[in-house]
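Trainee: what follows is a predicted structure for the sequence shown.
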Amino acid sequence: MFGRIKKILDKIKDLNTSVDTYKKETDNQSIPSVAYVNRAKKLIDKMRYDDAKKVLEEALAITRKDALVYKYLGVCEEKLGNYQASVIDYQKSAELNPQDKNIWHKLGLVQITLRDYEKAELSFVEADKISPINTDIQTGWGMSLFKQKKYNEAHDKFMKAIQINRYNFAAMLLAAIVEVRIGKYDDAEEKLSFLSGANPNESCMYEFANLYFLKENYEAAIRYAKQSIDFNPNMLPAYLLLGKIYSLEFDYKNSTKYFSMAKDRELVNPLLYLEWGNALVRLCRFEEAKEMYQKVLLEDLENPDAQAGMALCAAETKDFEKAYNFIEFAEEKDIDNVFLIDAKGISAFAYGKTTEAIDYFKCALEKDSKDVYNYFRLAKCYEALKNDDMTRDSYDKVLKFNPKCLTAYIEYAKYLMSKKDYKDAKRKLSKAEKLDPYNQELLNLLFYTSYILVKEKVCEYNVKEAISIADRINKFEYPELRAELEGLLKDIKA
């Protein structure tokens, strides 16, 4: 009996304590759940989201009809990264109090996070009905449209947000991004110029870099991309852009440098390795590119762009069975990737379908004028067809667009030597030597062309120059020709 009475007294004591706390936390004694909400808000301000969530769950024991309880439960779930649960709570709050513009705004933003863009758009429509002149609602609405690639509609919302509040820098940045997408480069540049002075940050600088990249002003693009990294050393898109730009300038050292910097900062994901692989393909480093694509496929086996890259690398390394398999995988996804065309062309040429290969390489160049290694591939095709004019034209083009292409110099020189054009062959090899002064194949070819030219016009200087080239070769292929030159030199001096 005594024990039962004690439990009753303890419950009364607890109730009195709760009532006293409730009186302190709310002025509206007729709505008990408000006390819980206020207590939860204080915990949220202190970023104690789990504790706030527990308080709000207690409030649900009192009533399940309080929109504020669900609203702040949604806030807690959102802060804890539980976005699906957050959406459910925000939706319940909106059902109970559909006139709360903030709840529709919050709901829309979380739906964007969950990539549920169409539902997000509907949420912002509801928010706009309640508060049609609200810069944040217009910005969120524009984001939902932008993600659906409704660029013109999104631009209208961002511009309206700026009209409502000209200091809405987020809306201005997003408007500039849309303008870049729809080709209004001058309008985008005007906004980004203003932002770079009024509100400079990593995103603004990156978008400026991207704009200049699209305008093919690589010097400015590099400058702004580096500034983006200065603002935020973890700005992965800036590293990727720098790596890409340097690959387009055929600068292997700097391209690799920025991809490696991103890796060192642990900004590792499939996109890093995909862009790294693409850059290595542009630099004709197909074995290295293959390693990068393999890393992408380990994380995302169905990635069609990595499959296209692997198809090209397999074809370039003469693994045509694997190339065919990757072409088939990628084509099932109906992707538009120029590397697939390259791979088909290389395979066709390997199997003697030279005219078909030429069509593929020309098609690839029409789709991507930066894919200049296809001029080298065309040169080999025309060489096989014994079309001298087109062979020379194709070699000249690849070296015009990529003056650092060592392979093209060497193969062009071999072709010229086959045509007995030793003077031009030597000129090509001399340029190539500056790129790779220790390349043994190159040095042997350079010696041979020098030997032939010496035989055509014997003089002491030319003989000595040819012998000096031989002295630099570890794997020398023409010892008998060197001996002949040394005999000539003795005769000249005699």
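Mentor: Received, thanks.

Trainee: so where is the protein shaky, pLDDT-wise?
Mentor: 1-31, 494 (pLDDT under 70).

Trainee: for the helix or strand containing Lys244, the distance to its chain's centre please.
Mentor: Here Lys244 sits within helix 236-248, counting by DSSP states H and E. Chain-centre distance of helix 236-248: 8 Å, with CA atoms, centre = their mean, to the nearest Å.

Trainee: after it, which helix or strand is next?
Mentor: Counting by DSSP H and E, what follows helix 236-248 is helix 252-264.

Trainee: show me what that next one is packed against.
Mentor: If contacts are counted by 3 or more CB pairs under 8 Å, 6 or more residues apart in numbering; DSSP states H and E, helix 252-264 sits against helix 236-248, helix 270-282. C-beta coordinates here come from the backbone N, C-alpha and C atoms, glycine included.

Trainee: take the ones you listed and write them to TSV, including mean neighbour count and distance to Lys101.
Mentor: Converted to TSV, the helices and strands packed on helix 252-264 look like this (neighbours: other CB atoms under 10 Å; distance: least, CB to CB, whole Å):
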stretch	mean neighbour count	distance to Lys101
helix 236-248	23	33
helix 270-282	23	36
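
Trainee: save the ones you listed as TSV, and put in distance to Thr407 too.
Mentor: Formatted as TSV, the helices and strands packed on helix 252-264 follow (distance: least, CB to CB, whole Å):
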stretch	distance to Thr407
helix 236-248	16
helix 270-282	13
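
Trainee: wait, which of the ones you listed is closest to Glu118?
Mentor: helix 270-282 (25.0 Å; CB to CB).

Trainee: chain center to the closest one, what's the gap?
Mentor: That offset, for helix 270-282, works out to 8 Å (CA atoms, centre = their mean).

Trainee: got the angle between the helix or strand just after it and helix 270-282?
Mentor: The helix or strand immediately downstream of helix 270-282 is helix 286-299, counting by DSSP H and E. Here the directions of helix 286-299 and helix 270-282 differ by 160 degrees (axes from the mean of the first three to the mean of the last three CA atoms, to 10 degrees).

Trainee: show me what whatever helix or strand comes next after helix 286-299 is packed against.
Mentor: Using DSSP H and E, the next helix or strand after helix 286-299 towards the C-terminus is helix 304-316. If contacts are counted by 3+ CB pairs under 8 Å, 6+ apart, helix 304-316 sits against helix 270-282, helix 286-299, helix 320-332, helix 338-350.

Trainee: same list (those) but as CSV, adding distance to Tyr185.
Mentor: Output for those, formatted as CSV (distance: least, CB to CB, whole Å):
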stretch, distance to Tyr185
helix 270-282, 23
helix 286-299, 31
helix 320-332, 32
helix 338-350, 24
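
Trainee: what's the span of stretch 452-465, first residue to last?
Mentor: 13 Å (CA to CA, to the nearest Å).

Trainee: any idea how far it is from the chain center?
Mentor: 53 Å.

Trainee: buried residues, it. List them.
Mentor: Ile452, Leu453, Val454, Lys455, Asn462, Val463 (16 or more other CB atoms under 10 Å).

Trainee: how about stretch 370-385?
Mentor: Applying 16+ other CB under 10 Å to stretch 370-385 flags 371-383 as buried.

Trainee: which residues outside it are in contact with it?
Mentor: 248, 282, 284, 338, 342, 345-346, 349, 354-355, 357-358, 361-362, 364-365, 390-391, 394-395, 397-398, 401-402, 405, 407-408, 411-412, 415 (CB atoms under 8 Å, 6 or more residues apart in numbering).

Trainee: narrow those to those in helices?
Mentor: 248, 282, 338, 342, 345-346, 349, 354-355, 357-358, 361-362, 364-365, 390-391, 394-395, 397-398, 401, 407-408, 411-412, 415 (DSSP state H).
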